[in-house]
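Peer 1: Below: sequence and its predicted model.
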Amino acid sequence: MTQTDQELDRIERSIDIDATADTVWTLLEQPGWWINEGEIDPEPDVRREGDADVVVHPKYGEFRLLTLASEPPRHLAVTWLDGDASAGTRVEFTVADRAWGGITLTVVESGFAGLGKARADVVKHVEENTSGWEAELDLARRHVTGASA
């Protein structure tokens, strides 16, 4: 089964978290919290360059993030710039209340087709980020609730 171009341009994943929207927002507002090695850094190395937040990871290098929209505690959208390029993917976090308590955190990453990469490289990027977002959402849940793996 081959992926359609639309499937290659968008990742959407969600997780239920037994926490308030405000509690989850304290994590979301930390630039690049998802850039880690299995543990969220409570004091990440972040600097401001013009309109971008630059997250410096000791192993993975620098990541530039442009905030597009911030509506605490419900919605955050950033452009995650690809390397030194001016192109990047759009990452949107949405926090929705659940009827039975807690919230659902959804992440949508889109725009892979606009990165100017060969199809095989886009496929690999989407596959890696899909499994990455699943892991990061679980990490977010554990981080804000204090749950263990």
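Peer 2: Received the coordinates, thanks.
Peer 1: Arg74 - nearest residue in space that isn't next to it in sequence?
Peer 2: Once flanking residues are discounted, Arg74 sits nearest to Val95: 5.2 Å by Cβ to Cβ, 6 or more residues apart in numbering. Heads up, the C-betas are built off the backbone N, CA and C, glycines and all.
Peer 1: Could you check how far the one you found is from Trp25?
Peer 2: Taken as Cβ to Cβ, to the nearest Å, the spacing of Val95 relative to Trp25 amounts to 7 Å.
Peer 1: between these two, what contacts are shared?
Peer 2: Here Val95 and Trp25 share the contacting residues Pro73, scored by Cβ atoms under 8 Å, 6 or more residues apart in numbering.
Peer 1: Spell out the residue ranges of the helices in this structure.
Peer 2: Secondary structure of the chain (DSSP state H): helices at 21-28, 119-145.
Peer 1: TSV for those helices, including distance to Leu81?
Peer 2: TSV is the format used below for the helices of the chain (distance: least, Cβ to Cβ, whole Å):
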stretch	distance to Leu81
helix 21-28	19
helix 119-145	14
